[in-house]
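Q: sequence plus the predicted model coming up.
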Amino acid sequence: MQQRSRERHPGEGVVEWAVSGQPVDYLEAVRAMEARVAQIAAGQAPELVWLLEHPPIYTAGTSARVEDLIIGDRFPVLKTGRGGKFTYHGPGQRVIYVMLDVKRRFGDVRAFVSALEDWIIAALGEFGVKGETRPDRVGIWVRRSAVETGAEDKIAAIGLRLKKWVSLHGVSLNVTPDLSHYDGIVPCGIAEHGVTSLAHLGHAEASMEDVDKVLKAQFERNLACTRPASTPTAEPLSTAHQAQQ
């Protein structure tokens, strides 16, 4: 599939770029992301791309189906406000939370999703992996082989939500995760295809740092300039609020 091109306008502004070196609890990350998105929408903070990993967890998007949770007690299961169905997050997977002003930068959601897809496809290409999109399936897909006609595996999932035209959540790219952890769910509700990773495709030598460098270079080439930033934080939950969880 030919990569779509998008003109980048210098006046669009610099995006902050943060990387967490240690796994971040999922709920803590979501709270920090939501706080930052509120600041962006209010014009109080710049846009941000945040790269991190989570401890093993299954998350259910807004269209998740109960029957797609096969092993409910393997890892924590949390409902989330992003679009999509069940997915897995865990060590070896690069989670990319993309907090951008969608209306200003892209005009509409479809153009935004296309830009994210093109970004990940370009990054995979740097490792010799041909990622592709499908009109009837969200995410980035890799063909298994010419012998296995029609067999494909997902290497990157996309799940998004918008608040006042600022995006939350984003992309999860499989670098070196334990793929057996996906056995507890039907990933994204698609049973007829599988999941894969850079390591499974023969690129075990690619470290998370290598992937991060490529992601940053391709983001700057295709979307916007970046500058280093601290990871976002959120106010601690009150004792009363924690008791309600």
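A: The structure has been received and is ready for your questions. Because the structure is predicted, anything quoted here is derived from the model rather than measured.

Q: low-scoring stretches of this structure, by residue?
A: With pLDDT under 70 as the threshold, the chain has low-confidence stretches at 1-12, 145-149, 235-245.

Q: quick one: residue 121 and residue 134, what's the gap?
A: Taking CB to CB, to the nearest Å as the criterion, residue 121 is separated from residue 134 by 12 Å. Glycine gets a C-beta too; all of them are placed from N, C-alpha and C.

Q: the chain: helices as residue ranges?
A: For the chain, helices defined by DSSP state H occupy the ranges 26-41, 102-106, 109-125, 208-222, 239-244.

Q: would TSV of those helices with distance to residue 76 be doable?
A: Written out in TSV, the entries for those read as follows (distance: least, CB to CB, whole Å):
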stretch	distance to residue 76
helix 26-41	8
helix 102-106	30
helix 109-125	26
helix 208-222	23
helix 239-244	16
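
Q: can you say which of those is nearest to residue 202?
A: Evaluated over the helices of the chain, closeness to residue 202 peaks at helix 109-125, with 12.9 Å, by CB to CB.

Q: which helices and strands sit right next to the closest one?
A: Taking 3 or more CB pairs under 8 Å, 6 or more residues apart in numbering; DSSP states H and E as the contact definition, the neighbouring helices and strands of helix 109-125 are helix 102-106, strand 132-134, strand 137-143, strand 152-163, strand 166-174, helix 208-222.

Q: mean neighbour count, those: which tops it?
A: Highest mean neighbour count among those (mean count of other CB atoms under 10 Å): strand 166-174, with a mean of 24.

Q: give the other helices and strands that that strand contacts.
A: Applying 3+ CB pairs under 8 Å, 6+ apart, one finds that strand 166-174 makes contact with helix 26-41, strand 93-99, helix 109-125, strand 152-163.

Q: okay, these, which one's buried deepest?
A: Of those, strand 93-99 is the most buried (mean count of other CB under 10 Å), at a mean of 23.

Q: spatially central residue in this protein, please.
A: Relative to the mean C-alpha position of the chain, the nearest C-alpha, by CA atoms, centre = their mean, is the one of residue 171, at 1.3 Å.

Q: next up, the contacts around that residue.
A: Residue 171 makes contact with 95, 96, 98, 116, 120, 156, 157, 158 under the criterion CB atoms under 8 Å, 6 or more residues apart in numbering.

Q: just give me the closest of those residues to residue 199.
A: Taking CB to CB as the measure, residue 199 sits nearest to residue 156 out of those, at 14.0 Å.

Q: and the residue nearest to that closest one when sequence neighbours are not counted, how far from residue 131?
A: Ranked by CB to CB, 6 or more residues apart in numbering and with sequence neighbours excluded, the top spatial neighbour of residue 156 is residue 140, at 4.0 Å. With distances defined as CB to CB, the gap from residue 140 to residue 131 amounts to 4 Å.
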